[in-house]
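J.: Mind folding the following:
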Amino acid sequence: MKDRLLKIAEHYGLTPNKFSEIIGMSRAFIKNINEEISTKPMRNILLKFPEVNIVWLLTGEGEMILKNTNAEIETTEKTSPEFLLEYLKEKDKTIGDLREEIGRLKQELLSHEQREGSYDLDVNDRNAAEKEIEYKKSK
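T.: Got it, this is the predicted structure:
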């Protein structure tokens, strides 16, 4: 196992210490490893280096790097916890911004109704207003 981990580090141009850090382990992780590793470093290796062949990593059989893994790499990156957390933060900000805008528009509508009096738009007026808004957005 130690030899295979060293080969992965070498393949990516990393020192054993840097490789250990990247997978969330102590700097001396590879140096101190005997034959097997626990689930945590194995999981982290596959998350950080998804093109590494897990069968090769576990058994030494087959190729170290999987072929045609571009789609898998992209999928893994887009489902990583860091990516998903950032994505959720962006969505929360968008939702907050939209809520503020809705509140501002409600206040503006209320203010307008108080000045001008309440009115209802008929269907034709409403459609015309929507088309005008779409036209302005497209400019």
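
J.: Please parse the protein into its domains.
T.: Domains of the chain are assigned by automatic domain parsing as 2-78, 81-138.

J.: winner for burial among those?
T.: Neighbour counts (mean count of other CB atoms under 10 Å) averaged over each of these peak at domain 2-78, with a mean of 14. Just so you know, the C-beta spots here come from the backbone N, C-alpha and C atoms, and that holds for glycine as well.

J.: any idea how far the helix or strand harbouring Pro41 is from the chain center?
T.: For Pro41, the element it lies in under DSSP states H and E is helix 39-48. Remark: helix 39-48 is offset 18 Å from the chain centroid, using CA atoms, centre = their mean, to the nearest Å.

J.: average pLDDT across the helix or strand that that helix is followed by?
T.: Per DSSP H and E, the first helix or strand lying C-terminal to helix 39-48 is helix 54-59. Average pLDDT, helix 54-59: 86.

J.: which other residues reach helix 54-59?
T.: By CB atoms under 8 Å, 6 or more residues apart in numbering, the residues outside helix 54-59 that reach it are 4, 8, 42, 45-46, 61-64.

J.: Now with 10 Å, please.
T.: Here helix 54-59 makes contact (CB atoms under 10 Å, 6 or more residues apart in numbering) with 1, 4-5, 7-8, 36-37, 42, 45-46, 49, 53, 61-66.

J.: List phi and psi for Leu66.
T.: With angles defined as degrees, to the nearest 10, Leu66 sits at phi -70, psi 150.

J.: where along this protein do the helices fall?
T.: Secondary structure of the chain by DSSP state H: the helices cover 2-11, 16-22, 29-32, 39-48, 54-59, 70-78, 81-116, 123-138.

J.: Can you pull out the residues in contact with the fourth one?
T.: Spelled out, it's helix 39-48. Around helix 39-48, the neighbours that count as contacts under CB under 10 Å, 6+ apart are 1, 4-5, 8, 12, 19-20, 22-25, 29-30, 33, 36-37, 52-54, 57-58, 76-77, 79-82.

J.: now the second one
T.: Among residues not part of helix 16-22, those counted as contacts by CB under 10 Å, 6+ apart are 2, 5-6, 8-15, 25-33, 41, 44-45, 48-49.
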